[in-house]
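Novice: The amino acid sequence is not available; the structure is as follows:
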Ligand code: ATP
Ligand code: MG
């Protein structure tokens, strides 16, 4: 169940019949957001961001906020998903992108995942020529940052589609 109001979404998740309310907000942080382009397949990048938002919601307590931000660096575009959730122990940080790795199956049993989401996300990001990084502290939350090379703006939406160019501002309008 998703209620959208401009760039703010209140996402109510149903987990094993229990409802969970997490506030998801999006922001584009750039001088001129119309000039933010990446060279990437729309579905691929959407899958990557969707997995990160799903995790952020799954591993956060109710009534916390998940923020999705897009910003531009010199030649890069950064997509950031920030949560105030349970966090990831330091000893697990370099393993979470492995297939089937889950930090503690007991603590995340409720969410019933398979441990594939982040492995898929990393593949998607690399397919688009980008990198993914994580910061996390237990009890404080996690920040996942996707960094992609910035592309030149294309002339029309039509050429953007054939060239596979995606305006990254799309990401905060995605459906989760
Ligand atoms: P799937 O995504 O396949 O349904 P999953 O969520 O368990 O299952 P991944 O998305 O690959 O698998 O994440 C791997 C593990 O990393 C998770 O089981 C969880 O322990 C930890 N993790 C991932 N994202 C977060 C987060 N935002 N906060 C806390 N822990 C996280
Ligand atoms: Mg997951």
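Specialist: Good, I have the coordinates. Just so it is clear, the model here is predicted, and its values are computed rather than measured. Ligands and ions are numbered 1, 2, ... in the order given.

Novice: got a list of what residue 75 touches?
Specialist: 149-150 (C-beta atoms under 8 Å, 6 or more residues apart in numbering). (Glycine included, C-beta is placed from N, CA and C.)

Novice: backbone phi and psi for it, please?
Specialist: phi -120, psi 20 (degrees, to the nearest 10).

Novice: how about the strands of the protein, start to end?
Specialist: Using DSSP state E, the strands of the chain run over residues 2-5, 8-15, 18-29, 37-39, 65-72, 76-83, 131-137, 141-149, 165-167.

Novice: which stretches of this structure have low pLDDT?
Specialist: In the prediction, the chain carries residues with pLDDT under 70 at positions 1-19, 27-35, 106-112, 153-176.

Novice: Any residues of it in contact with ligand 1? List them.
Specialist: Taking C-beta under 6 Å from any ligand atom as the criterion, the chain approaches ligand 1 at residues 51, 55-56, 59, 83, 85-88, 96, 101-103, 108, 113-119, 142.

Novice: Show me those that map onto helices.
Specialist: 51, 55-56, 117-119 (DSSP state H).

Novice: Kindly indicate which of these lies nearest ligand 2.
Specialist: Nearest to ligand 2 among those: residue 117, at 2.8 Å, using C-beta to the ion.

Novice: To what extent is the closest residue to that closest one other than its chain neighbours buried, counted in neighbours?
Specialist: Leaving aside its sequence neighbours, residue 117 sits nearest to residue 51 (C-beta to C-beta, 6 or more residues apart in numbering; 4.2 Å). Burial of residue 51 is recorded as 21 neighbouring residues (other C-beta atoms under 10 Å).
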